[in-house]
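Student: build me a structure from this.
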Amino acid sequence: MTYRMVIFDFDGTLADTFPWFASVLNDVAAKYGFRTVAPEDVAWLRTLDSREIIRRLEVPAWKTPLIARHMRKLASAERTNFRLFPGVEHALEALAREGLMLAVASSNSEENVRAVLGETLAGRMQFACDASLFGKARSIAKLVKRASVAPAAALYVGDEIRDAQAARAAGIAFGAVTWGYTAPGALAAAGPDHMFAAPADILALLEKAS
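Tutor: Predicted coordinates:
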């Protein structure tokens with residue numbers, strides 16, 4: 001398949017934000033009244049999808065929008081400390097030179113995403129951010145429609161099981177990265193169209209297909 005558009009998740013896919021997320025999670029739990037996470041439970045939680053994590057941590061469903069808004073605010077205060085994963089910048093620049101349309105669909109804010117990407121990279125991308133926890137499918141579909149690209153020619157790249165579910169709901173292919181929030185084995189079990197062990201693997205696939 002020849003892809004014309006690549007849409008990326010941000011946290012755990014382009015930017016290495018999991019250490020920060022883990023460092024603030026228990027403070028957020030205390031604020032919003034859900035279970036805290038012991039260090040020895042982190043690896044186990046990374047094998048679960050988002051709905052199961054919410055269930056295991058006893059997060060009230062009605063609080064999830066409040067929690068998401070609070071997390072975006074915390075991320076805004078810390079974003080100068082966030083970094084792209086090694087190889088991401090090169091891969092994005094090369095994909096742009098290949099003529100692929102690039103975009104980000106994220107639950108994080110566009111302001112935060114742009115700040116971490118930097119002006120040059122951000123200027124080459126489209127954005128559909130501030131998605132609800134399970135609202136990425138709408139963001140993805142909006143980007144594809146805006147770009148006038150057939151769904152079969154679009155690829156969503158992410159690091160969580162909910163990313164795979166969102167891509168399927170939007171009718172496009174999904175590429176799973178192994179360096180993000182969810183354990184690689186759990187991602188593989190979700191049946192992605194592609195698995196990427198490094199940003200260079202994304203570039204290699206798309207250069208080969210072009």
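
Student: what is the neighbour count of the closest residue to L133 other than its chain neighbours?
Tutor: Excluding its sequence neighbours, the residue lying closest to L133 (C-beta to C-beta, 6 or more residues apart in numbering) is T64, at 5.4 Å. (C-beta placed from N, C-alpha, C; glycine too.) Using other C-beta atoms under 10 Å, T64 is surrounded by 16 other residues.

Student: so what touches the helix or strand where T64 lies?
Tutor: Assigned by DSSP states H and E, T64 falls within helix 64-78. Residues from elsewhere that reach helix 64-78 (C-beta atoms under 8 Å, 6 or more residues apart in numbering): 17, 20-21, 24, 28, 31-32, 54, 59, 82, 107-109, 111-112, 130, 132-133.

Student: quick one on the thing from earlier: from A105, how far out is the residue nearest to L133?
Tutor: For T64, the distance to A105 (C-beta to C-beta, to the nearest Å) stands at 18 Å.

Student: quick check: T182 vs A150, distance?
Tutor: Distance from T182 to A150, by C-beta to C-beta: 28 Å.

Student: between those two, who's got more neighbours?
Tutor: Set T182 next to A150 and count neighbours by other C-beta under 10 Å: T182 wins out with 27 against 12.

Student: next, the contact list for the more buried one, please.
Tutor: Applying C-beta under 8 Å, 6+ apart, the residues contacting T182 are G12, R46, T47, D49, D159, E160, I161.
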